[in-house]
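K.L.:
Build me a model from this:
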Amino acid sequence: MMLATIRSIENGEAYEARFERVWGHSVASVWAMLTENEQLAKWFPEMSVADLRVGGAFKFDMGGGNAERMEIVALEPLTVLAYTWAEDRVRFELAETPEGCRLALVERIARITDHTPRDLAGWHVCLDVIAALLDGRTVESRKADWEKEYEAYKGLVERVRAGMSE
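P.N.:
Have a look, this model is predicted:
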C-alpha cells in the first residue's frame, strides 16, 4: 500500500501527512467506522466518541483511568470529521466514487519528532484494519504490519528532515 505523503505547510511552520484510500464500500459504512463507538472499538479500541458535534469530543483512553479529550473542530456528516490530537489535527474527508468511497486522512503535524514515524505507521495500519473489517477479512498481526510500515515511515521522515536542513 502506498505510504502517506508529507509536505511542509504554513511557510515551513508545520507539516501535513496525507493518506488516501479508495474502498469498495459505501460512504455511510466508512463513516460509521469513524464515528460509531461499536465500530471504532474494532479498529481503535482506545478511542471513543464522547459527543459527536463541533465542540464535542473524542476520548482517547490512555490507561490507568486517564483519558485525553480531543475536540471535534469540523463535522459534516458523511463528508468531514476533524479533531485535535494534542497540538496536531486529524481530518478525515470522505467522498463517493464509482468504486465506493474515497477516504483521505490528513494530519496537520506541528513538529516532526522521533515519534512521528510511529504515529504515521499507526495510522497506516489503522486504515488497513478498517479496510479489512469492511471487507470481512481479519488482519493476522497488527504488530507485524506496524513494524514493517514503521521502517518505511522512518525512511520517509528522514527524507523530510533532510529536506528541512537543505
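
K.L.:
Just want the most central residue of this structure.
P.N.:
Nearest to the mean C-alpha position of the chain, counting by C-alpha atoms, centre = their mean, stands Trp123 at 4.5 Å.

K.L.:
Wait, it touches Ala4, no?
P.N.:
Yes: using C-beta atoms under 8 Å, Trp123 is in contact with Ala4, at 7.3 Å. C-beta: built from backbone N, CA, C; applies to glycine.

K.L.:
gap between the residue nearest to the centre of the chain and Ile9?
P.N.:
Shown here: Trp123 relative to Ile9, a distance of 17 Å by C-beta to C-beta, to the nearest Å.

K.L.:
where does the chain dip in pLDDT?
P.N.:
Applying pLDDT under 70 to the chain flags the ranges 1, 164-166.

K.L.:
in it, which spans are helices?
P.N.:
Assigned helices in the chain, in chain order: 27-35, 37-43, 116-135, 142-165 (criterion: DSSP state H).

K.L.:
still on that earlier bit, need the overlap of contacts for Trp123 and Ala4.
P.N.:
Ala17, Phe19, Leu105 (C-beta atoms under 8 Å, 6 or more residues apart in numbering).

K.L.:
you'd agree the first one is up against Ile109?
P.N.:
The one in question is Ala17. Yes: with contact defined as C-beta under 8 Å, Ala17 reaches Ile109; the gap is 6.1 Å.
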